[in-house]
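**Q** compute the structure for the input listed below.
(chains A and B)
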Amino acid sequence: MAVKGTATADGLSFENVRTTNVLVERGHLTGRRLRFRGMGQSAILAFDSRVELSDVAFEDAHPDSYLPPPSPTCTDAG
Amino acid sequence: MNVRGGRLEADGLRGTDLAGPVALVTGSEAALTSVTSERTRGAVLAEESSTVTVRGLEATGDHGAAVRARTGATVEVVDARVSDVSAVALAAHEASLSLTSVEVSGAKGVGVLADEGGTVTLEDVVIRDGRHAGVGAADGTSRVEAVRCRIAGNARAGVRAHPHAVVETRDVTFRDNGGGDREDVPGPKG
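**A** The predicted structure follows:
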């Protein structure tokens, strides 16, 4: 789903979508009661937008769904 | 969720078994309320001068810092419980992190870490039963200010800080931390 203007999403479920589930570009997304499960990439990817969410769940992402940014040299374990 | 630029407002975010953070905020403003993170790479990763407020956070078993501020971000966390993170529990790297009414327990890494010139402010914070230090200031340009806190039962030390780091404590109780209340870090990263 791509949003470039204004959109409201209410009560939607996304399952096993391997690409970005919701893309918002210079738009305004209002999302309520959304469920994302088994994502392959970002559930919601927003650029220069206004995003208002309530009651949103992200679950069981694919293990390769996230490429972390370069980590600071201090390790996570301290 | 990945927000780059613009503004995010969210009430009731839940992340479970995620490879990344629940919310990655880059160069944006965000106001988050009632965030739950369970076995994710953290609830919030804020970077590139983002301004983020988090009111109400429950994070359990995350495999990355529950809240991490980087590269000029300013993050305020109010009313949070963070438990059993298998890494640093909360961190500011070249960024500012403010914690108020927060309890951190059972972290495998440092409970709260300032690094790379990061600034951490703690008020009414409990950091207990971690396997590393309760609070860390990893280099000489990092700063920690703690007021009305309890740092107890952490295996490595209460505070582990670079000798040139600024660590100010006021009305802070240290108890039963292995290695003592404060341990100096000889190198820049400890």
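
**Q** can you find the helix or strand of chain A with the lowest average pLDDT?
**A** When each helix and strand of chain A is scored by mean pLDDT, DSSP states H and E, strand A:2-3 comes last, with a mean of 84.

**Q** which residues touch that strand?
**A** For strand A:2-3, the surrounding residues in contact (Cβ atoms under 8 Å, 6 or more residues apart in numbering or on different chains) are A:Val22, A:Leu23, A:Val24, A:Glu25, A:Gly27, A:His28, A:Leu29, A:Ser49. Just so you know, the C-beta spots here come from the backbone N, C-alpha and C atoms, and that holds for glycine as well.

**Q** filter those down to just the ones in strands.
**A** A:Val22, A:Leu23, A:Val24, A:Glu25, A:His28, A:Leu29, A:Ser49 (DSSP state E).

**Q** so which of the residues you listed is the closest to chain B?
**A** Ranked by distance to chain B (Cβ to the nearest Cβ), the ones in strands among the contacts of strand A:2-3 are led by A:Ser49 at 4.4 Å.

**Q** so that closest one touches A:Leu29, yeah?
**A** Yes. Using Cβ atoms under 8 Å, A:Ser49 makes contact with A:Leu29 at a distance of 6.6 Å.

**Q** picking up where we left off before, need the buried ones from the ones in strands among the contacts of strand A:2-3 selected in ChimeraX.
**A** To isolate the buried ones among the ones in strands among the contacts of strand A:2-3 in ChimeraX, judged by 16 or more other Cβ atoms under 10 Å in any protein chain shown, type:
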select /A:22,23,24,28,29,49
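
**Q** make a markdown table out of the ones in strands among the contacts of strand A:2-3 and add pLDDT and distance to A:Lys4.
**A** Converted to a markdown table, these look like this (pLDDT from 0 to 100; distance: Cβ to Cβ, whole Å):
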| residue | pLDDT | distance to A:Lys4 |
| --- | --- | --- |
| A:Val22 | 93 | 12 |
| A:Leu23 | 94 | 9 |
| A:Val24 | 95 | 8 |
| A:Glu25 | 96 | 5 |
| A:His28 | 96 | 10 |
| A:Leu29 | 97 | 10 |
| A:Ser49 | 97 | 9 |
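
**Q** what about A:Arg18, how many residues close to it?
**A** Neighbour count of A:Arg18, defined by other Cβ atoms under 10 Å in any protein chain shown: 12.

**Q** secondary structure class for it?
**A** What DSSP: H, G, I helix; E, B strand; the rest coil gives for A:Arg18 is coil.
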